[in-house]
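# What follows is a predicted protein model with its sequence.
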Amino acid sequence: MGRRKNKNRIVENVVILDAGAEGKCIARPEEADGRVVFVTGVVPKDVVDLRITKQRKSYWEATVVKFHSYSDERVEPFCEHFGVCGGCKWQHLSYERQLFYKQKQVKDNLERLAKVELPEINPILASENTTFYRNKLEFTFSSRRWLTSEQIATGEEFDNRALGFHIPGRYDKLVDLNECYLQAEPSNTIRLAVNKYAREHDLSFYNVMACEGLLRNLMIRNSQTTDDLMVMLQTTAFNEEVEKLMQFIKDSFPQITSLQYVVNTKRNDTFQDLDIICFDGKDYITETMEGLEFRVQAKSFYQTNSIQAYNLYKITRDFAQLTGEEVVYDLYTGTGTIANFVAKQAKQVIGVEYVEPAIADAKINSKLNGIDNTLFYAGDMKDVLKEEFLEKHARPDVILTDPPRAGMHPDVINMLLRIGAKRIVYVSCNPATQARDLQLLDEKYSVKAIQPVDMFPQTHHVENVVLLELKE
């Protein structure tokens with residue numbers, strides 16, 4: 001009864017206290033009885049009236065109904081789609097304060113969750129570029145366009161088709177993007193041209209509810225270290241209409257070095273299990289790093305901020321303290337980028353990754369760069385990293401690990417404790433799960449260095465690199 005009575009209640013003159021998880025901010029009004037209230041669309045030190053939208057035992061969620069005063073940490077968002085599009089949720093916060101709260105996020109998670117002895121955290125490494133820093137974007141076609149309240153109020157008739165990003169919390173509605181500040185040109189120009197062509201030629205946009213429509217997805221990848229540019233179109237069929245669209249893209253943008261398409265008739269947009277057809281050019285683009293070349297195919301994983309990835313990998317290599325005599329295990333190696341990056345400073349590098357195509361890419365990248373001291377294996381980490389594997393290969397002196405957001409499986413952590421490598425360098429995109437794993441590793445390891453890295457400006461996301469050393 002209490003929940004029903006209090007839901008949608010208005011709480012007035014609330015001071016926003018802090019930035020929290022998932023880009024939300026935190027308030028603690030008296031009416032919440034000690035609970036934290038998560039609020040979207042605000043920054044710390046805003047003073048607002050809130051409408052409570054969700055109530056749980058330990059927290060509430062709320063939206064703003066009125067601003068009384070604005071924080072001095074606010075800046076004017078530069079994107080016209082801010083507040084509607086699901087990306088770049090921290091545009092209204094100055095970059096200096098973004099870095100402050102990301103550093104604080106790392107510190108809070110490690111102190112509160114890891115509960116281990118920690119050294120002083122190094123200042124976060126800022127991104128050189130705060131806009132146009134991504135090398136890959138995937139835009140979705142939809143016949144269900146999202147209209148803002150302002151657009152609805154005009155009474156104007158709008159084309160319901162959209163090519164852009166999903167609205168937060170809605171898998172079926174998209175914002176039709178005009179200009180996006182995440183990827184450098186010609187990304188915007190290509191997307192707008194494809195959108196215009198599709199409308200003028202009355203091509204059908206995919207309806208995710210009805211599972212029908214021709215055009216599904218447009219992926220644009222650009223190398224930030226070479227002039228290579230990839231465009232891939234995802235459709236439900238390859239017919240004369242699609243062929244003409246592909247030819248239009250080729251003729252309009254001769255700078256594209258890899259033009260591809262994939263036919264997907266499934267209910268989701270994943271294409272890892274589908275054949276990709278090269279319409280024109282190569283089936284890959286190339287990134288470079290310290291003289292190394294990395295082939296990036298449509299299915300390949302590569303850090304989406306190439307420039308900052310280089311800095312991240314240098315930190316990882318420095319933390320590893322390699323002399324050329326070490327055997328290194330690179331866990332969750334992906335396409336072997338870090339493994340190949342550190343190979344010259346190691347005796348041998350052994351990479352393990354769940355995704356088989358990624359391992360194929362890792363092997364290609366080693367061969368491409370004349371690296372002959374790497375080995376790569378595909379399989380679930382907890383199933384591969386067992387005593388039989390250690391008996392077959394030399395035991396590692398150093399372990400590099402860059403797991404997914406969920407962190408490492410307990411079986412993997414137990415094996416790391418049994419192996420007892422001299423050093424572990426733990427790269428994480430989620431300081432909360434990293435902190436959980438550090439607590440488990442504390443049985444045998446001490447945290448010696450911590451370096452946050454900002455890979456994604458205008459968002460709450462932060463990478464963190466931790467050096468662990470075996471206790472004496």
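Sure thing, it's come through.
# in the protein, which spans are helices?
For the chain, the helices defined by DSSP state H occupy 2-6, 95-109, 149-154, 187-200, 240-252, 306-320, 337-342, 356-368, 381-384, 387-392, 410-419, 431-441.
# Tell me which of those helices is the most buried.
Looking across the helices of the chain with neighbours counted as mean count of other Cβ atoms under 10 Å, the highest average goes to helix 337-342: a mean of 26. C-beta: built from backbone N, CA, C; applies to glycine.
# Contacts for it next, please.
289-290, 292, 294, 302-303, 309, 313, 316-317, 320, 322, 328, 330, 333, 349, 351, 362, 365-366, 369, 371, 374, 376, 400, 402, 427 (Cβ atoms under 8 Å, 6 or more residues apart in numbering).
# Those residues, buried ones only, as a ChimeraX selection?
Typed into ChimeraX, the line below selects the buried ones among the contacts of helix 337-342, using 16 or more other Cβ atoms under 10 Å:
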select :289,292,294,302,303,309,313,316,317,320,322,328,330,333,349,351,362,365,366,369,371,374,376,400,402,427
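# Out of the contacts of helix 337-342, list just those in strands.
289, 292, 294, 328, 330, 349, 351, 374, 376, 400, 427 (DSSP state E).
# Name the residues linked to the first one by a beta bridge.
Residue 289 has the following beta-bridge partners by DSSP bridges: residue 292.
# Could you tell me how far it is located from residue 19?
32 Å (Cβ to Cβ, to the nearest Å).
# What of the last one?
To residue 19, residue 427 is 23 Å away according to Cβ to Cβ.
# cool, and the second one?
Per Cβ to Cβ, residue 292 is found 37 Å from residue 19.
# Skip the chain neighbours and tell me the closest residue to residue 195.
residue 163 (4.4 Å; Cβ to Cβ, 6 or more residues apart in numbering).
# so how many other residues sit close to the nearest residue to residue 288 once chain neighbours are set aside?
For residue 288, ignoring the flanking residues on the chain, the nearest one in space by Cβ to Cβ, 6+ apart is residue 225 at 4.4 Å. Other residues within reach of residue 225, judged by other Cβ atoms under 10 Å, total 15.
# just residue 78 next, same as before
Residue 78 has 14 neighbours, counted by other Cβ under 10 Å.
# what sits against it?
By Cβ under 8 Å, 6+ apart, the contact set of residue 78 is 91, 131, 181.
# can you check residue 217 too?
Residues near residue 217 by Cβ under 8 Å, 6+ apart: 138, 139, 140, 141, 233, 234, 264, 269.
# One more pass at 10 Å, please.
Residues in contact with residue 217, defined by Cβ atoms under 10 Å, 6 or more residues apart in numbering, are 138-141, 163, 206, 232-235, 262, 264, 269, 271.
# now, which of the residues you listed sits nearest residue 285?
Closest approach between the contacts of residue 217 and residue 285, by Cβ to Cβ: residue 232, at 10.9 Å.
# Residues in a beta bridge with the closest one, which ones?
Beta-bridge partners, per DSSP bridges, of residue 232: residue 219, residue 260.
# now do residue 451
Beta-bridge partners of residue 451, as defined by DSSP bridges: residue 465.
# Need the mean per-residue confidence for stretch 368-376.
Averaged across stretch 368-376, pLDDT comes to 97.
# swap that for stretch 389-402, please
According to the model, stretch 389-402 has a mean pLDDT of 95.
# Only C-alpha atoms, please: export it in CSV.
The C-alpha coordinates for stretch 389-402 follow below in CSV (Å, rounded to 0.1, in the frame of the first residue of the first chain):
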residue,chain,number,x,y,z
PHE,A,389,46.7,-26.5,-20.5
LEU,A,390,49.5,-25.6,-18.0
GLU,A,391,51.2,-28.9,-18.5
LYS,A,392,51.1,-28.5,-22.3
HIS,A,393,52.5,-24.9,-22.1
ALA,A,394,55.0,-23.1,-20.0
ARG,A,395,53.5,-21.6,-16.8
PRO,A,396,53.1,-17.8,-17.1
ASP,A,397,55.3,-15.3,-15.3
VAL,A,398,52.9,-12.5,-16.1
ILE,A,399,49.1,-12.7,-16.8
LEU,A,400,47.2,-10.0,-18.7
THR,A,401,43.4,-10.1,-18.3
ASP,A,402,40.8,-7.9,-20.0
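# Distance from the chain centre to it, please.
Centroid displacement of stretch 389-402 relative to its chain, using Cα atoms, centre = their mean, to the nearest Å, is 27 Å.
# Ok, stretch 260-277 next?
21 Å.
# Dump the helices of the chain to CSV, plus distance to residue 461.
Output for those, formatted as CSV (distance: least, Cβ to Cβ, whole Å):
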stretch, distance to residue 461
helix 2-6, 32
helix 95-109, 8
helix 149-154, 29
helix 187-200, 20
helix 240-252, 31
helix 306-320, 12
helix 337-342, 19
helix 356-368, 21
helix 381-384, 23
helix 387-392, 32
helix 410-419, 23
helix 431-441, 10
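# Minimum distance to residue 116: which of those helices has it?
For the helices of the chain, distance to residue 116 was read as Cβ to Cβ. The smallest value, 5.9 Å, belongs to helix 431-441.
# The closest one vs helix 95-109, what angle?
30 degrees (axes from the mean of the first three to the mean of the last three Cα atoms, to 10 degrees).
# Show me what helix 431-441 packs onto, helices and strands only.
The contact analysis (3 or more Cβ pairs under 10 Å, 6 or more residues apart in numbering; DSSP states H and E) places helix 431-441 against helix 95-109, helix 410-419, strand 423-428, strand 445-453, strand 463-470.
# For residue 215, which of those is the nearest?
Proximity to residue 215 (Cβ to Cβ) singles out strand 463-470 among those, at 33.9 Å.
# Show me which positions of the closest one end up buried.
463, 464, 465, 466, 467, 468, 469.
# What of stretch 139-150?
Buried residues in stretch 139-150, counted by 16+ other Cβ under 10 Å: 139, 140, 141, 142, 143, 144, 145, 146, 147.
# Adding pLDDT, write the residues you listed out as TSV.
Converted to TSV, the buried residues of stretch 139-150 look like this (pLDDT from 0 to 100):
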residue	pLDDT
139	97
140	96
141	96
142	94
143	93
144	87
145	89
146	85
147	79
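# For the helices of the chain, which has the smallest mean pLDDT value?
Lowest mean pLDDT within the helices of the chain: helix 2-6, a mean of 49.
# which strand is the longest one in this structure?
Longest strand in the chain, counting residues (DSSP E): strand 59-69.
# List the neighbouring strands of that one plus their orientation.
When DSSP bridges is applied, strand 59-69 pairs with strand 36-39 (parallel), strand 47-55 (antiparallel).
# Look up the closest residue to residue 171, ignoring the ones flanking it.
residue 208 (6.6 Å).
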